[in-house]
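[1] structural data only, the sequence is not supplied:
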């Protein structure tokens, strides 16, 4: 048996097992066990030199125990022999940056309990679900007893040019916004996709092996040769029409031959825990993986971004809203562990992508429902204001209250021309940038605030920037402005409320009926750059404590990745709140995400000597998981002044 040399190349195989795989029917799970999970253990049993890491959620372990009672004891024997390391991930495969902190804590705690129940031990290391990361997740993993997590190198590295390339071959650490640290092991999306291609016959074995051996360096290096699904070998889940059928020979046998060739080339197979403990791989680097341009890194190519679990699917926006509502209810009530488990499982990522029609129908019947909440708006309170005025000046509607002044464009669907808060200053913080504000021709347009844009790829664009005749109600509590905007999709009711300092914008998108195959962005906020300081930040929670990220040019969440994928990134904002600030002043926005689970998209571009900074809320994005038939939901967002808490 060959052993690793001091400066050799060591590789880890990590197989992710998930019987909730979106496109696999419940009736097919026994076939997955027969063709994928059993051969995986047999592969290790057949080669005494092979070491393999295996990960699955607690939910999948439960189902395996029910379908094949012998499989888990076989796994435990291999773990006890030091030939397999079990890696954790939680009770359910959910997207941590898109769920509340309490759900993340429960998911990890329930997962640890399942591992101890079925395996007699709890793992030291966790695989980040879909490698969708935020710094706010650190606390949930540490609280559950994990020492380190495995996530992807490639996408965070794209936005961190200062990182040393050698770090990808070792270990590092990262910190929560609270300052707590956890270890990091790096998976590589390109490497694990090449491994899959080589096994499935799309890449010649000798070319694959040569590519791996090129990774050798002067010092010891570690690679995750594979860190993805087990269900793709000798089985085709059916997500894509382009999936090729397996070749004649068993892919598990082809994999064994490929691994033997790597071993002959000098690659030693090892386990994640050994890498974590090996001083040769300790870089000492403590890094942040998140950046304003990419606040939630996700594995693989840019088309696989966080919006696929939030704004697409059968009805991700509505499904997530129901889950947020249920989470609020559980946090406020006397909930049991089983209640939280049901919610964690309802938040599973596979329910939001390529879910089969049969499973979608079953889900909509089984999803826990929160108690209906009466819609209330605190904007126009019971206490009278000293000042509440509205006056028409040509095609503008001027609003004044105790704490703010605003100008609305009547010929542009009541878009905000300007909004200023007296407590901050007289200069507007947001509004409209008129044609000519920017010199470059590609920015020669009007950039509004407080409006909606729906885009059907390569077909049409619908906005609410049409002339209206507003209905204005001035009361001692504030000002209400209403209008019905005529659009190509039918009339769109729109309402703006102005209180002492708070403003609420609301749209009745349900009047448009069914969600089209389109992106739908609303609640735009375009900053009036002259009022803001030199450095801007965004603050929100992405599955944990709130994170503050510095904005910089090149941030464009809403850009098209391709003609098939309409957005590149988003913020999770999992407590329905977000703030923009410059260290002195700012604005905060809040919305009822348990009514409609919209995601904020940010843009920051340097245009000559000026900055173009804009926020919008997305209720729909287009990708290959988008299904017709979902309803459109009404949306409302509140704005108020924000002063950074030092």
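    On my side now, so go ahead. If you're wondering where the values come from, they're calculated on a predicted model, not measured in any experiment.

[2] so the chain: which segments form each domain?
    Domain assignment for the chain by automatic domain parsing gives 9-301, 388-642.

[3] now do residue 243, the pLDDT please.
    Per-residue confidence (pLDDT) for residue 243: 53.

[4] what's the average pLDDT for the strand ranked longest in the chain?
    Looking across the chain with DSSP state E, the single longest strand is strand 610-620. The average pLDDT within strand 610-620 is 97.

[5] give the pairing partners of whichever helix or strand comes after it; include direction for each.
    Tracing the chain past strand 610-620, the next element assigned as helix or strand by DSSP states H and E is strand 635-642. Using DSSP bridges, the strands paired with strand 635-642 are strand 503-507 (antiparallel), strand 586-590 (antiparallel).

[6] list the contacts of strand 635-642.
    377, 379, 403, 419, 421, 423-424, 501-507, 509, 522-523, 525, 579-581, 585-592, 595-596, 598, 617, 619 (C-beta atoms under 8 Å, 6 or more residues apart in numbering). All C-beta atoms are positioned from the backbone trio N, CA, C, and that covers glycine.

[7] any buried residues in stretch 217-227, and which?
    Buried residues in stretch 217-227, counted by 16 or more other C-beta atoms under 10 Å: 220, 221, 222, 223, 224, 225, 226, 227.

[8] same list (these) but as TSV, adding secondary structure and distance to residue 550.
    TSV is the format used below for those (DSSP: H, G, I helix; E, B strand; the rest coil; distance: C-beta to C-beta, whole Å):
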residue	secondary structure	distance to residue 550
220	coil	35
221	strand	32
222	strand	32
223	strand	32
224	strand	30
225	strand	36
226	strand	35
227	strand	30
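
[9] separation between residue 635 and residue 542?
    According to C-beta to C-beta, to the nearest Å, residue 635 stands 20 Å off from residue 542.

[10] tell me the contacts of residue 303?
    561, 562, 564, 565, 623, 624.

[11] residue 26: which of the residues you listed is nearest?
    residue 624 (23.0 Å; C-beta to C-beta).

[12] for the closest one, which non-adjacent residue is spatially closest?
    Among residues not flanking residue 624 along the chain, residue 564 sits closest, at 6.3 Å (C-beta to C-beta, 6 or more residues apart in numbering).

[13] how about residue 461?
    Per C-beta to C-beta, 6+ apart, closest to residue 461 is residue 455, 5.1 Å.

[14] torsion angles phi and psi at that neighbour?
    When quoted as degrees, to the nearest 10, the phi and psi of residue 455 stand at phi -120, psi 120.

[15] measure it to residue 21 for me?
    Residue 455 is 31 Å from residue 21, by C-beta to C-beta.

[16] what about those two, which has more around it?
    For the pair residue 455 and residue 21, the greater number of neighbours falls to residue 21 (26 against 19), based on other C-beta atoms under 10 Å.

[17] rewinding a little: quick check, the residue nearest to residue 461 in contact with residue 463.
    No. The criterion here is C-beta atoms under 8 Å, and residue 455 misses it with residue 463 at 9.4 Å.

[18] just the helices in this protein please.
    With DSSP state H as the criterion, the chain has helices at 29-32, 38-46, 58-67, 71-80, 101-119, 138-143, 154-158, 189-200, 205-213, 251-264, 272-277, 316-332, 337-346, 357-366.

[19] any idea which of those helices gets closest to residue 643?
    helix 101-119 (24.1 Å).

[20] please identify the buried residues of the closest one?
    101-115, 118-119.

[21] that older thread, output the domains of the chain in TSV, with distance to residue 323 appended to each entry.
    Listed next are these as TSV, based on distance: least, C-beta to C-beta, whole Å:
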stretch	distance to residue 323
domain 9-301	7
domain 388-642	8
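
[22] how about these, which one is nearest residue 309?
    Of these, nearest to residue 309 by C-beta to C-beta is domain 9-301, at 4.7 Å.

[23] confidence score at residue 363?
    88.

[24] do you know how far the closest residue to it other than its chain neighbours is from residue 323?
    Closest residue in space to residue 363, ignoring its immediate chain neighbours: residue 351 at 5.7 Å, by C-beta to C-beta, 6+ apart. The gap separating residue 351 from residue 323 is 10 Å, by C-beta to C-beta.

[25] residue 344 and residue 114 touch, don't they?
    No. Judged on C-beta under 8 Å, residue 344 makes no contact with residue 114 at a distance of 11.2 Å.

[26] the buried residues of stretch 217-227 into TSV, with extra columns for pLDDT?
    Converted to TSV, these look like this (pLDDT from 0 to 100):
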residue	pLDDT
220	95
221	97
222	98
223	97
224	98
225	98
226	98
227	97
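
[27] distance to residue 439 for those - can I get that in TSV?
    As requested, those are exported to TSV (distance: C-beta to C-beta, whole Å):
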residue	distance to residue 439
220	53
221	49
222	50
223	48
224	48
225	51
226	50
227	47
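
[28] which one of those residues is nearest residue 355?
    residue 227 (23.7 Å).

[29] skipping adjacent residues, who's closest to residue 41 in space?
    The nearest residue in space to residue 41 (C-beta to C-beta, 6+ apart) is residue 74, at 5.3 Å.

[30] buried ones in the worst-scoring helix or strand of the chain on mean pLDDT, by neighbour count?
    Least confident helix or strand, the chain: helix 357-366 with a mean of 87, by mean pLDDT, DSSP states H and E. Using 16+ other C-beta under 10 Å as the test for burial, helix 357-366 gives 359, 360, 363.

[31] what does stretch 173-184 give?
    173, 174, 176, 177, 182, 183, 184.

[32] the strands paired with strand 635-642: which one's closest to residue 292?
    strand 586-590 (14.7 Å).

[33] so the closest one versus strand 610-620, what angle?
    Interaxial angle of strand 586-590 relative to strand 610-620 (axes from the mean of the first three to the mean of the last three C-alpha atoms, to 10 degrees): 10 degrees.

[34] what about this protein, any weak spots by pLDDT?
    1-7, 238-248, 368-378, 381-382, 644-646 (pLDDT under 70).

[35] relative to residue 66, how far out is the nearest residue to residue 586 once chain neighbours are set aside?
    Nearest non-adjacent residue to residue 586, counting by C-beta to C-beta, 6+ apart: residue 642, 4.1 Å away. According to C-beta to C-beta, residue 642 and residue 66 sit 51 Å apart.

[36] next, residue 180: phi, psi?
    phi -80, psi 140.

[37] OK, contacts around it?
    Contacts of residue 180 by C-beta under 8 Å, 6+ apart are 138, 139, 142.

[38] let's see that with 6 Å instead.
    The contact partners of residue 180, taken as C-beta atoms under 6 Å, 6 or more residues apart in numbering, are 138, 142.

[39] please apply the same query to residue 527.
    430, 613.

[40] which residues does it bridge with?
    Here residue 527, judged by DSSP bridges, has bridge partners residue 430.

[41] buried stuff in stretch 283-297?
    283, 287, 289, 290, 291, 292, 293, 294, 295, 296, 297.

[42] now residue 380: how far from residue 443?
    Taken as C-beta to C-beta, the span from residue 380 to residue 443 is 37 Å.

[43] so which of these two has more stuff around it?
    residue 380 (21 against 17).

[44] what's the local residue count around residue 89?
    Using other C-beta under 10 Å: residue 89 sits among 29 other residues.
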